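J.: Quick one: sequence and predicted model below, then my questions.
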Amino acid sequence: MKLLAICISILLSSVLFAHPHSKDSISFDYRIKNSVNMKGVYLVNATILNNSSETFYFLSESCNGLNYYITATSPKVITYIVINCNGTAPIKNSIAPKGVYDFTFRIKTAGDVSRVGLNLALVKLSKNYSVKNKSAGSIRKKLHVLTLSGPVLPLPH
């Protein structure tokens, strides 16, 4: 009987006191436009929205921002990295409650693709977490990743 009460207590506490930064409280949206003079390359204007009541902290990089954290639902679509860097440093970003974080990146198609969905793997950081003297790769391996799926949109012609 005690074991049943403990299990029910744990279950209720996980529901009642869920972490405020779940997939329901952080969302990812974007718009896709043709890139000028680059066939098969598209400009993506993206937004991360924090619908929670607490500040959300996440990792990006000094070179190419969140580009390395984007994946596509089609194997024929890749993130198009314009600048290849020899080194990059981790950056701690934050989004205030009910706030947004806007960023842009490019995608490139290889073949016939009419629609694409994009995913964003956000590395969650705590308020007190310091990225100083750490590599982005080591931080990504150690911390929780929140994978957000955006809408599936048609590619412009």
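T.: Received, thanks.
J.: can you list the weak-confidence ranges in this structure?
T.: 1-24 (pLDDT under 70).
J.: Try it again at 50.
T.: 2-21 (pLDDT under 50).
J.: can you give me the helices for it?
T.: Here the chain has its helices, by DSSP state H, at 2-16, 136-142.
J.: Tell me which residues of the shortest one come out buried.
T.: Going back to what we said before, that points to helix 136-142. Applying a neighbour-count criterion of 16 or more other C-beta atoms under 10 Å, one finds 136, 139, 140 buried in helix 136-142. From N, CA and C alone the C-beta is placed, and that goes for glycine too.
J.: closest to residue 97 among those residues?
T.: Nearest to residue 97, judged by C-beta to C-beta, of those is residue 139 at 23.7 Å.
J.: Enumerate every residue touching that closest one.
T.: The contact partners of residue 139, taken as C-beta atoms under 8 Å, 6 or more residues apart in numbering, are 59, 90, 123, 125, 131.
J.: Please report the distance of it from residue 100.
T.: 23 Å (C-beta to C-beta, to the nearest Å).
J.: likewise residue 91?
T.: Per C-beta to C-beta, residue 91 is found 17 Å from residue 100.
J.: more neighbours, those two?
T.: residue 91 (15 against 12; other C-beta atoms under 10 Å).
J.: Identify the bridge partners of that one.
T.: residue 60 (DSSP bridges).
J.: next one: residue 33
T.: Where residue 33 sits in a bridge, its partners, by DSSP bridges, are residue 43.
J.: separation between it and residue 78?
T.: Residue 33 is 17 Å from residue 78, by C-beta to C-beta.
J.: quick one: which of those two has more around it?
T.: A count of neighbours by other C-beta under 10 Å puts residue 78 above the other of residue 33 and residue 78, at 15 against 12.
J.: Across the sheet, point out what pairs with the more buried one.
T.: Residues in beta-bridge contact with residue 78 (DSSP bridges): residue 108.
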